[in-house]
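>>> Model the structure of this input:
(one chain, ligands or ions: 1)
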Amino acid sequence: MQIAMIQDRIMPAEDLDPVYFDRGMFFGDGVYEVMRSYDGRLFALEEHLRRFARSLAAVEISGVDIGEIRSRIRRAFEAADIANAKIYFQITRGSGPRDRVWGANLKPNFFLTVSEVGDSTEEKTKGIAVSTFPDWRWKRCDIKSLNLLPNVLASNDAARKGCSEAILVDQAGLITEGSGSAFFAVRGQVLQTAPLTANILPSITREFAIKAGRNVGLEVHEESLTPGQAAGADELFLAVTTKDIVPVVKFDGTAIGDAKPGQYTNLIMREFRSFTA
Ligand code: PDD
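Residues are numbered from 1 along each chain as shown. Purely as a prediction, here's the structure:
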């Protein structure tokens, strides 16, 4: 018999819900997605499902039926009845003894939440401040894995500095992305963002932002920026599912432009909204 202790309570381990032995909790051994709806309609569901399937395959979690995930998302979204919803879902490899080598008969655990998407009107109209932090993450940031400790540390450093997002800088001194967002600069007629080969998440909002940028007449360069280049840019913004486009008006204490959301950023924001209608 094995004993478990939760806070100060001792009990036989076999009496515990298997969720306490979830490999997601022990190792962050799982992958996740965050998607949203606009005015009662799910946005970019297939794109999120495709990325989820890629993440699952990359970490060798097999036996997940993506069609079943799609119907669970729809079912939960309908049950929640929230017009502007944020949908979080994750799959871990399953529950079992704490062994780095996974057992043959694990059954993946699925977990999903639907909540109201936060109001980002003020951030969008006034813009936000960001600060840089070293990118301490692993070399497979293309996988949307549950391991987010470097991101958690970076975000809290930014929050302590009164900033809304941490911008990660790799060992070569180049910006990769935000702790939980893609990062863009407008320099002249050029919209610049790190390439997908820079060890970043293939952000879905990033793809739409690039499309929006082209639609408003910008040339797109997928080339990494240094913090110095970012601080000297005409405009900066973040792209993330939950808020789509968020203007950045301060970078490590330096005002960007006239410290107001830039004209192209506003155009891209408006263009983006047309994709969601
Ligand atoms: N984060 N880069 C990182 C590291 C992210 O965590 C996210 C999103 C993005 C933007 O990706 P997308 O456009 O597909 O949302 C980029 C989600 C929202 C999160 O972890 O909550």
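
>>> For whichever helix or strand Ala57 is part of, buried residues please.
Using DSSP states H and E, Ala57 sits within helix 45-58. Of all the residues in helix 45-58, those buried under the rule 16 or more other CB atoms under 10 Å are Leu45, Glu47, His48, Leu49, Arg51, Phe52, Ser55, Leu56. Any C-beta I mention is one placed from the backbone N, CA and C, and that applies to glycine too.

>>> same question, stretch 200-214
Using 16+ other CB under 10 Å as the test for burial, stretch 200-214 gives Ile200, Leu201, Pro202, Ser203, Ile204, Thr205, Arg206, Phe208, Ala209, Ile210, Ala212, Gly213.

>>> who's in contact with that stretch?
Stretch 200-214 is contacted from outside by 44, 47-48, 51, 141-142, 144, 176-177, 181-182, 184, 191, 193-194, 196, 220, 237, 239-241, 244-245, 264, 267-268, 271-272, 275, using CB atoms under 8 Å, 6 or more residues apart in numbering.

>>> go on, stretch 24-34?
23, 48-49, 51-52, 55-56, 58-59, 61, 86-93, 98, 100, 102, 109, 143-149, 241-242.

>>> Now the residue of the stretch 1-150 of the chain found nearest the ligand: phi and psi?
Here the stretch 1-150 of the chain gets closest to the ligand at one residue, Val34, 3.8 Å apart by CB to the nearest ligand atom. The phi/psi pair for Val34 (degrees, to the nearest 10) reads phi -130, psi 120.

>>> Now do it against Ile204, distance only.
As judged by CB to CB, to the nearest Å, Val34 and Ile204 stand 10 Å apart.

>>> and the contacts of stretch 24-34, which are buried?
Restricting the contacts of stretch 24-34 to buried positions leaves 23, 48-49, 51-52, 55-56, 59, 61, 86-87, 89-93, 109, 143-148, 241-242, with burial counted as 16+ other CB under 10 Å.

>>> Could you list the contact residues of this structure toward the ligand?
Those residues of the chain that sit near the ligand, judged by CB under 6 Å from any ligand atom, are 34, 177, 180-182, 201, 203-206, 239-242.

>>> how about a cut-off of 8 Å?
32, 34-35, 48, 51, 88, 141, 144, 148, 151, 168, 177-182, 200-206, 239-242 (CB under 8 Å from any ligand atom).

>>> Just the ones in strands from those, please.
If you go by DSSP state E, the residues of the chain next to the ligand have Tyr32, Val34, Met35, Tyr88, Leu168, Glu177, Gly178, Ala182, Ala239, Val240 in strands.

>>> Pretty sure Glu165 sits against Ala239.
No. Under the criterion of CB atoms under 8 Å, Glu165 is not in contact with Ala239, lying 11.2 Å apart.
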